[in-house]
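Novice: give me the fold of what follows.
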Amino acid sequence: MTLSEARRRTAERLRASGLESPAREAELLLLDAAGISRSFLVAHPFFSLEDAVVRKLSEMTARRCAGEPLQYILGSWEFYGRPLHVAPGVLIPRSDTEVLVEQALSSLPHEGRFLDWGTGSGCIPLALLAERPDLSAVAVDANPRALGLSWRNLKKYGLLSRCLLWHSRNPEDIPVRDEELDLVVSNPPYIPSSRLSSLPGEVRKEPLSALDGGEDGFCWYRELFRWAPSKLRHGGRLLFEIGDGEQGGHLAEIAPSCLIFTGIFHDMSRKPRAVSWLRV
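Specialist: Numbering: from 1, shown residues only. As a prediction, the model looks like this:
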């Protein structure tokens, strides 16, 4: 089977399963299964694939047709211009979250120190540390599998020496002194528990612990509002990802008085995606 034929057949299978971007996904699966670059695919469409590669591609396609997230099948996904390891049991990095990186980069001072609560794959601290060699970080998660994946990603880019990985569900356990941090950033679980069952099947294959924000979706926001202000230096920032503008508006209402609301920021789809406060 040639590369061109393999791509066409894979796209047909994905399309028949109702996937939204069958051509793009077929190409990504083919490139991974064959271990080739896109430029090779374009230049050599009639290159013949070995039977083992065809079988591997077929197995990967079957997994995708069954609803397994593409990122888990590939084992890698790009965030802020860098490929990261991804794996089942850990939340998949999304481009929407890159707005947090942009806002953090614009606010962190020289030699700033920040904490990422619920780090998952480590995508946020990795992006910030890679962009700013002067920064240092604490990355916290309650999921040991997530911390293991964060370790792999940070090691891949030589960033482990500037990031403390910490396993905890309780912020009080984190070894951070009062007024030590310039930024606390978080993409916390923010989906109300009652809505989890209505999420797309593909999303429900990600860890629910990384999605479930409690009865009203604000459980972890409240916890961070309680803990973070004392750990921030005066002039430091608190930066959250949100699900929508309504959620951001409610957070502005429940924030403690020592925080000044500084704005809601939009993702590439122009949807409200992040909200921030200044510590006074």
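
Novice: contact partners for the most centrally placed residue in the chain?
Specialist: The chain has Pro93 as the residue nearest its centroid, 2.5 Å off, counting by C-alpha atoms, centre = their mean. Shown in contact with Pro93 (C-beta atoms under 8 Å, 6 or more residues apart in numbering): 77, 79, 84, 86, 120-121, 123. C-betas here are computed from N, CA, C, even on glycine.

Novice: give me the subset of these that lies in strands.
Specialist: 77, 79, 84 (DSSP state E).

Novice: who wins for most neighbours among those?
Specialist: Leu84 (25 neighbours; other C-beta atoms under 10 Å).

Novice: got the CA coordinates for stretch 146-155 in CSV?
Specialist: Provided in CSV are the C-alpha atoms of stretch 146-155 (Å, rounded to 0.1, in the frame of the first residue of the first chain):
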residue,chain,number,x,y,z
ALA,A,146,0.6,13.7,35.9
LEU,A,147,3.7,14.5,37.9
GLY,A,148,5.6,11.6,36.2
LEU,A,149,4.6,13.0,32.8
SER,A,150,5.6,16.5,33.8
TRP,A,151,9.0,15.2,34.9
ARG,A,152,9.4,13.6,31.4
ASN,A,153,8.5,16.8,29.6
LEU,A,154,10.6,19.1,31.7
LYS,A,155,13.6,16.7,31.4
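
Novice: ok, and what's touching that stretch?
Specialist: 84-87, 89-91, 119-123, 125-126, 129, 139, 141, 160, 163, 165, 167, 210.

Novice: out of the residues you listed, name the ones that lie in helices.
Specialist: Those of the contacts of stretch 146-155 mapping onto helices are 123, 125-126, 129, per DSSP state H.

Novice: now flag whichever of the residues you listed is closest to Glu202.
Specialist: Cys123 (18.9 Å; C-beta to C-beta).

Novice: just the buried ones from the contacts of stretch 146-155?
Specialist: 84-87, 89-91, 119-123, 125-126, 129, 139, 141, 160, 163, 165, 210 (16 or more other C-beta atoms under 10 Å).

Novice: where does the residue lying closest to Arg38 once chain neighbours are set aside sit: helix, strand or coil?
Specialist: Once flanking residues are discounted, Arg38 sits nearest to Leu31: 6.2 Å by C-beta to C-beta, 6 or more residues apart in numbering. Secondary structure of Leu31, reduced to three states by DSSP: H, G, I helix; E, B strand; the rest coil: helix.

Novice: pretty sure Leu31 is in contact with Ser39, am I right?
Specialist: No - here Leu31 lies out of contact with Ser39, judged by C-beta atoms under 8 Å, at a distance of 10.3 Å.

Novice: and the two? Which one has more around it.
Specialist: Leu31 (17 against 8).

Novice: now Pro93, what are its backbone angles?
Specialist: Backbone torsions of Pro93, given as degrees, to the nearest 10, read phi -60, psi 140.

Novice: now Asn143: phi and psi?
Specialist: phi -100, psi 110.

Novice: so it touches Glu206, yeah?
Specialist: No - judged on C-beta under 8 Å, Asn143 makes no contact with Glu206 at a distance of 11.4 Å.

Novice: not counting sequence-adjacent ones, nearest residue to Trp166?
Specialist: Val140 (4.8 Å).

Novice: right, and that neighbour touches Glu172 too?
Specialist: No - contact criterion C-beta under 8 Å: Val140 and Glu172 do not qualify, at 11.6 Å.

Novice: which one of these two is surrounded by more residues?
Specialist: Using other C-beta under 10 Å as the criterion, Val140 and Glu172 rank with Val140 on top: 27 against 8.

Novice: what's opposite the more buried one in the beta bridge?
Specialist: Trp117, Trp166 (DSSP bridges).

Novice: separation between it and Ile124?
Specialist: Distance of Val140 to Ile124, computed by C-beta to C-beta, to the nearest Å: 11 Å.

Novice: shared neighbours, the two?
Specialist: By the contact definition C-beta under 8 Å, 6+ apart, Val140 and Ile124 are jointly contacted by Asp116.

Novice: tally of neighbours for Arg8?
Specialist: Counted with other C-beta under 10 Å, Arg8 comes out at 13.

Novice: actually Asp244, sorry about that
Specialist: 11.

Novice: next: Ser193.
Specialist: Neighbours of Ser193 (other C-beta under 10 Å): 16.
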